[in-house]
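Trainee: For reference, the sequence and a predicted model appear below.
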Amino acid sequence: MNILIENVKILTMADGELIKNGNIYIENEKIKKITNDKIDFSYDKKIDGKNYLAMPGFVNAHTHVGMSLFRNFSDDVELMTWLNEKIWPLEDKLIEEDVYWASLLSHAEMIMTGTTSFADMYYFEDQTIKALEKSKMRAQISRGLTLEDKNYKKIEENIELFKKYENSQDGRINIAFGPHAVYTTDKNYLKEINKYAKKYKMPIHIHLSETKIENDECIKRFGQSPTEVFEECGIFENRTIAAHGLYLSDKDLDILSKYDVSVVHNPSSNLKLSSGFLDCTRVINKKINLAMGTDSSASNNNLSMIKEISLTSLVSKYNNPQNLKAYDVLKMATINGAKALGLDDKIGTLEEGKLADIILIDLNNPNHTPQNNLISSLPYSTFDKDVSYVIINGDLVYDDKKFVYLNEKEIIKNAEKSFQKLRNRK
Ligand SMILES: CSC[C@H]1O[C@@H](n2cnc3c(O)ncnc32)[C@H](O)[C@@H]1O
Ligand SMILES: [Zn+2]
């Protein structure tokens with residue numbers, strides 16, 4: 001499909017470029033040209049971009065899309081109570097169909113709030129991949145791995161996922177290993193994962209130093225911080241997404257900065273589970289790639305990157321208004337997320353030759369008026385409902401606030417039904 005977005009304000013997120021006006025020519029899956037000029041181009045769809053802002057789609061660099069059936073199921077508790085008493089017992093009853101509908105529900109929510117790519121860690125990931133065939137989102141998928149894995153069968157399943165789906169669906173799918181966290185694994189298990197990650201050149205997705213208790217218990221168990229344990233086991237020798245990172249010491253940050261590790265900030269989930277709030281500036285100052293995620297809608301309790309962008313900006317400024325400028329927060333949600341997924345040469349900025357993952361924000365709303373500073377408008381004034389068009393891999397998936405491929409009513413009905421069945425399942 002060829003698309004022309006005409007006469008639009010463009011935030012490219014490419015270095016040095018702020019807002020410019022022009023036309024975006026999308027040929028098949030790529031951005032062919034961004035120019036003020038009219039070029040000879042035959043298109044299947046023309047979007048009148050007047051009063052819209054085009055920018056790269058958001059990259060949600062840490063989530064669990066299969067958990068959206070648990071939205072508002074367990075609130076007002078801290079992480080370990082939430083996991084041990086509420087979430088894990090429910091996950092024991094999950095079946096494939098639940099994850100399929102939960103995934104579609106999450107994909108719909110992400111698309112309508114401007115997310116075009118995500119990194120996921122969960123169970124029944126083949127169902128999430130099946131849902132991706134419908135939603136057409138871009139994703140890095142990892143099978144969640146814990147010590148419940150008796151004969152390392154789940155590691156094998158993770159490798160099978162890689163062999164079957166790596167680069168599938170027109171290159172929109174990548175597969176990673178998903179060792180859950182230091183407290184659900186041990187050194188032998190992590191070393192085994194590292195061995196295969198190296199063999200297959202697969203990236204890794206972990207939870208890291210999310211709570212103070214996690215750190216304290218790790219030090220009791222190993223005499224090392226979680227970062228030191230993962231480093232010793234070779235995990236960081238593979239490109240790694242490390243979600244949370246709230247309790248990283250200076251020494252931990254120095255370790256991470258030596259490797260291709262991206263820390264992912266999940267502000268809503270961290271605040272809601274009372275884990276704390278990441279000092280983003282401290283991580284960025286150590287030259288570590290800092291991306292942004294929602295975590296799941298069971299702890300967030302939704303999947304809006306616009307909400308995460310806003311929270312990150314506002315809470316980071318609580319003691320100093322100079323902390324974290326609007327543009328730096330937008331980088332976390334776009335190009336830094338792309339880097340976390342190993343895709344910064346393909347997505348994350350709007351540049352000729354890159355894949356067309358583009359969203360259009362409606363500026364014709366009272367909350368964007370007057371247009372004094374469009375970069376500030378994004379973190380400080382944008383609502384989810386301002387997202388009007390979403391293009392992924394050159395494919396229009398959300399057209400003037402309507403899903404092109406997803407049947408919203410069917411998804412909502414089946415997700416609701418799945419949760420009622422799951423709840424009653426023995
Ligand atoms: C092994 S699959 C993923 C696993 O992670 C659990 N989970 C969801 N959110 C969090 C979080 O913030 N910290 C730690 N673990 C989390 C989820 O319930 C699955 O069991
Ligand atoms: Zn998580």
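Mentor: Now that the structure is in, tell me what you want to look at. Ligands and ions are numbered 1, 2, ... in the order given.

Trainee: From now on I want contacts and neighbour counts done on CA atoms only, so please keep to that.
Mentor: Fine.

Trainee: Give me every residue in the stretch 301-426 of the chain lying close to ligand 1.
Mentor: By C-alpha under 6 Å from any ligand atom, no part of the stretch 301-426 of the chain sits against ligand 1.

Trainee: Residue of the stretch 301-426 of the chain closest to ligand 1, please.
Mentor: Closest approach of the stretch 301-426 of the chain to ligand 1 (C-alpha to the nearest ligand atom) occurs at Asn301, with a separation of 11.1 Å.

Trainee: just checking, Phe73 touches Ala298?
Mentor: Yes - here Phe73 lies in contact with Ala298, judged by C-alpha atoms under 8 Å, at a distance of 7.0 Å.

Trainee: quick one: which of those two has more around it?
Mentor: Per other C-alpha atoms under 10 Å, whichever of Phe73 and Ala298 has more neighbours is Ala298, with 23 against 14.

Trainee: That one: what's it in contact with?
Mentor: Contacts of Ala298 were listed using C-alpha atoms under 8 Å, 6 or more residues apart in numbering, and they are Met67, Ser68, Leu69, Phe70, Arg71, Asn72, Phe73, Ser74.

Trainee: Of these, keep whichever come out buried.
Mentor: Buried subset of the contacts of Ala298 (neighbour count, 16 or more other C-alpha atoms under 10 Å): Met67, Ser68, Leu69, Phe70, Ser74.

Trainee: Mean pLDDT per helix and strand in this structure: which one sits at the bottom?
Mentor: The helix or strand of the chain with the lowest confidence, counting by mean pLDDT, DSSP states H and E, is strand 19-27 at a mean of 92.

Trainee: partners of that one in the sheet?
Mentor: strand 3-11 (antiparallel), strand 30-35 (antiparallel) (DSSP bridges).

Trainee: and among those, the most buried is which?
Mentor: strand 3-11 (a mean of 21; mean count of other C-alpha atoms under 10 Å).

Trainee: ok so, going back, what about the residue of the stretch 301-426 of the chain closest to ligand 1, neighbour count?
Mentor: There are 20 residues near Asn301, going by other C-alpha under 10 Å.

Trainee: Quick check: it touching Asn72?
Mentor: Yes - the criterion here is C-alpha under 8 Å, and Asn301 meets it with Asn72 at 6.6 Å.

Trainee: Tyr189 belongs to a helix?
Mentor: Yes - Tyr189 sits within a helix when classified using DSSP: H, G, I helix; E, B strand; the rest coil.

Trainee: Helix, strand, or coil at the nearest residue to it once chain neighbours are set aside?
Mentor: Distance criterion C-alpha to C-alpha, 6 or more residues apart in numbering; nearest residue to Tyr189, sequence neighbours excluded, is Leu147 at 7.5 Å. For Leu147, the secondary-structure state derived from three-state DSSP is coil.

Trainee: wait, doesn't Leu147 sit right on Val182?
Mentor: No - shown here, Leu147 and Val182 do not form a contact pair, counting by C-alpha under 8 Å, at 10.4 Å.

Trainee: So between these two, which is more surrounded?
Mentor: Counted by other C-alpha under 10 Å, Leu147 and Val182 do not tie: Val182 has more neighbours, with 23 against 16.

Trainee: That one and Thr211, how far apart?
Mentor: 12 Å (C-alpha to C-alpha, to the nearest Å).

Trainee: on that earlier part again, so which residues make contact with the least confident helix or strand of the chain?
Mentor: Counting by C-alpha under 8 Å, 6+ apart, 1-12, 31-38, 41, 356, 374, 394 sit against strand 19-27.

Trainee: repeat for stretch 355-371
Mentor: Contacts with stretch 355-371, where a contact means C-alpha under 8 Å, 6+ apart, come from 26, 29-31, 51-57, 114, 116, 346-348, 350, 377, 381-382, 386-394.

Trainee: just stretch 158-168 next, same as before
Mentor: Here stretch 158-168 makes contact (C-alpha under 8 Å, 6+ apart) with Asp126, Ser142, Arg143, Ile173, Asn174, Ile175, Ala176, Phe177.
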